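[1] Got a sequence here, can you build the structure:
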Amino acid sequence: MHLDYLEIKTPSLVLDLARVRQNADRISEVARRNKVRLRPHVKTHKCVEVAKIQTAGHDGAITVSTLAEARAFAKNGFSDITYAVPIERGKFGDAIEILKSGVKLNLLTDDAATMNALDVASGKVGVRFDVFLKIDVGTHRVGVEPHTAEAIEIPRQIQDADALNFAGILTHAGHSYDAKTKEQILEVARHERDVMVELAERLREESIEVPTVSIGSTPTMSTVDHLDGIDEIRPGNYIFFDNFQATLGSCSFEDTALTVLSAVVHRDVSRNKLVVDAGAVALSKDRGPVGLDPGCGYGRVLDLDGNETGLRVTGMSQEHGEIVSDDAAMIRRFKVGDRVRILANHSCLTAAQHTHYNVVENGRVIDRWEIHRGW
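    So this is what the prediction gives:
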């Protein structure tokens, strides 16, 4: 196993295939048990092979965060895609091109004026988009507040449009990442579900058909007690998990599937410091679960077998990761040229820094999978 790792250029991504499959099965079971569609968010990995594992046994629907992802996955057989960022006028042309290629591309919005413009643009070229209304259930990033007039008016506007279909309502409980306990995550999960079900009922009372109620973050879908009234879930990070999710309690550290292989390039025993060749452009500068673990740094340092060393990446520059520790014996354990594996704070951002995964099964590198980046 160690020989394989020595042959991989650093820094590089190492993906544990057994854990990926285990994580896929876990959320697939949540979807099946609750009789909802699974539309996983593939922005976490941007990889066709991983998406095929996630959607096996389901209908192949996926969620993307860029239109470049939509094009890449469409070219590889995925034909039902939700672009989960509010559409704006500068992207109408690209979205229309994807739709005209034969892919079902669902859009989302929280802006009435943009929908007027999309209706006109779609009508001119003879296409018709399905559009979700994005709802803010507490994250306060984008979306319409569920109890406002807009939550009724925009769906009615879309329903009455000439070249648009109202697809339903969609949300993401991103504030679940701010929870401190599993009980708090469950509270957010219930709120996410209940607010959306209540809004769907209000819309139907207003004679507005709601084909789909779509929810789901990794923390909420990892803890939710039931999904009555929900049609679709869209978690993404669960396929890899990361230091944040494991610290938060969405998973165990044994569930985390993605690490960054890095080489020690400097050792300073007088300062109890190691420097590795995985810096900000390999790991990202996500601060991770500092509210739960103030000493989390920029990632946990593991040995090549994936065992915890107790070390953390404590400092970062573009190409350098600094590891400073009071554990002098552990610092002396590693010499220049040794490899370590770093469990990053946020696997989605870390994966987006790289071009491919080195896929590992039973301790051997068995494949190399491409990451489709860009906007």
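[2] can we go C-alpha only for contacts and neighbour counts from here?
    OK.
[3] SS state for residue 85?
    State at residue 85, reduced to three classes by DSSP: H, G, I helix; E, B strand; the rest coil: coil.
[4] how close does it get to residue 309?
    39 Å (CA to CA, to the nearest Å).
[5] got it, and residue 36?
    40 Å.
[6] which one of the two has more residues nearby?
    Legend: neighbour count by other CA atoms under 10 Å for residue 36 and residue 309, higher for residue 36 (19 against 14).
[7] what sits against the more buried one?
    When contacts are counted by CA atoms under 8 Å, 6 or more residues apart in numbering, residue 36 touches 227, 230, 231, 232, 233.
[8] if we go to 7 Å?
    230, 231, 232, 233 (CA atoms under 7 Å, 6 or more residues apart in numbering).
[9] Now do it, the pLDDT please.
    Residue 36 carries a pLDDT value of 98.
[10] Check residue 345 too.
    96.
[11] swap in the one 4 residues further on?
    As predicted, residue 349 sits at a pLDDT of 97.
[12] Check residue 1 too.
    Reported pLDDT for residue 1: 42.
[13] got any ranges where this protein has weak pLDDT?
    Applying pLDDT under 70 to the chain picks out residues 1-3.
[14] And the helices in the stretch 101-250 of the chain, which stretches?
    112-125, 150-160, 182-205, 218-223, 243-248 (DSSP state H, counting those that start in this stretch).
[15] Run through the neighbouring helices and strands of the second one.
    What that stands for is helix 150-160. strand 164-171 (3 or more CA pairs under 7 Å, 6 or more residues apart in numbering; DSSP states H and E).
[16] so which strand or helix has residue 96?
    Per DSSP states H and E, residue 96 falls inside helix 92-100.
[17] Pull out the buried positions in that helix.
    Using 16 or more other CA atoms under 10 Å as the test for burial, helix 92-100 gives 95, 96, 98, 99.
[18] secondary structure class for residue 5?
    Per three-state DSSP, residue 5 ends up helix.
[19] measure it to residue 263 for me?
    For residue 5 relative to residue 263 (CA to CA), the value is 10 Å.
[20] Give the closest residue to residue 71 in space, chain neighbours not counted.
    Distances taken as CA to CA, 6 or more residues apart in numbering place residue 98 nearest to residue 71, at 6.8 Å, with adjacent residues excluded.
[21] same deal with residue 253?
    Counting by CA to CA, 6+ apart, the residue nearest residue 253 is residue 246, at 5.3 Å.
[22] My read is that that neighbour contacts residue 257, right?
    No: contact status for residue 246 versus residue 257: not in contact, 11.2 Å apart, counting by CA atoms under 7 Å.
[23] So for the two, which residue has more residues nearby?
    For residue 246 versus residue 257, neighbours defined as other CA under 10 Å are more numerous around residue 257 (24 against 17).
[24] if we can go back for a sec, same list, the buried residues of helix 92-100, but as a markdown table with distance to residue 63 please.
    Shown next, in a markdown table, are those (distance: CA to CA, whole Å):
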| residue | distance to residue 63 |
| --- | --- |
| 95 | 14 |
| 96 | 17 |
| 98 | 14 |
| 99 | 15 |
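[25] Go through these and name the one nearest residue 48.
    residue 98 (17.4 Å; CA to CA).
[26] how near is that closest one to residue 128?
    With CA to CA as the criterion, residue 98 and residue 128 are 12 Å apart.
[27] same question, residue 265
    Distance from residue 265 to residue 128, by CA to CA: 55 Å.
[28] For the two, indicate the residue with more neighbours.
    Using other CA under 10 Å, the more surrounded residue of residue 265 and residue 128 is residue 128, with 21 against 17.
[29] Angles on the backbone of the more buried one, please.
    phi -140, psi 120 (degrees, to the nearest 10).
[30] which residue ranges form the strands in the stretch 251-375 of the chain?
    258-268, 273-276, 299-302, 308-312, 315-316, 321-324, 339-344, 356-361, 364-370 (DSSP state E, counting those that start in this stretch).
[31] partner strands of the first one, parallel or antiparallel?
    In the sheet containing strand 258-268, the strands it pairs with under DSSP bridges are strand 12-16 (antiparallel), strand 273-276 (antiparallel), strand 339-344 (antiparallel).
[32] Put together CSV for these, with mean neighbour count and distance to residue 182 on each row.
    Shown next, in CSV, are the strands paired with strand 258-268 (neighbours: other CA atoms under 10 Å; distance: least, CA to CA, whole Å):
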stretch, mean neighbour count, distance to residue 182
strand 12-16, 24, 26
strand 273-276, 23, 34
strand 339-344, 28, 21
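[33] Let me know which of these is the nearest to residue 365.
    Here strand 12-16 is closest among the strands paired with strand 258-268 (CA to CA), at 8.6 Å.
[34] quick one: the closest one to strand 364-370, angle?
    Here the directions of strand 12-16 and strand 364-370 differ by 120 degrees (axes from the mean of the first three to the mean of the last three CA atoms, to 10 degrees).
[35] Quick check: buried residues in the very next helix or strand once past strand 12-16?
    Later in the chain than strand 12-16, the nearest helix or strand by DSSP H and E is helix 17-34. Buried residues in helix 17-34, counted by 16+ other CA under 10 Å: 17, 19, 20, 21, 23, 24, 25, 27, 28, 30, 31, 34.
[36] next one: stretch 245-253
    245, 246, 247, 248, 249, 250, 251, 253.
[37] and the gap between the fourth one and residue 375?
    Using CA to CA, one obtains 30 Å as the distance from residue 248 to residue 375.
[38] got it, and the second one?
    The span separating residue 246 from residue 375 equals 29 Å under the rule CA to CA.
[39] leaving aside the residues next to it on the chain, what's closest to residue 147?
    That would be residue 199: by CA to CA, 6+ apart, it lies 7.8 Å from residue 147.
[40] Perfect, I'm done here.
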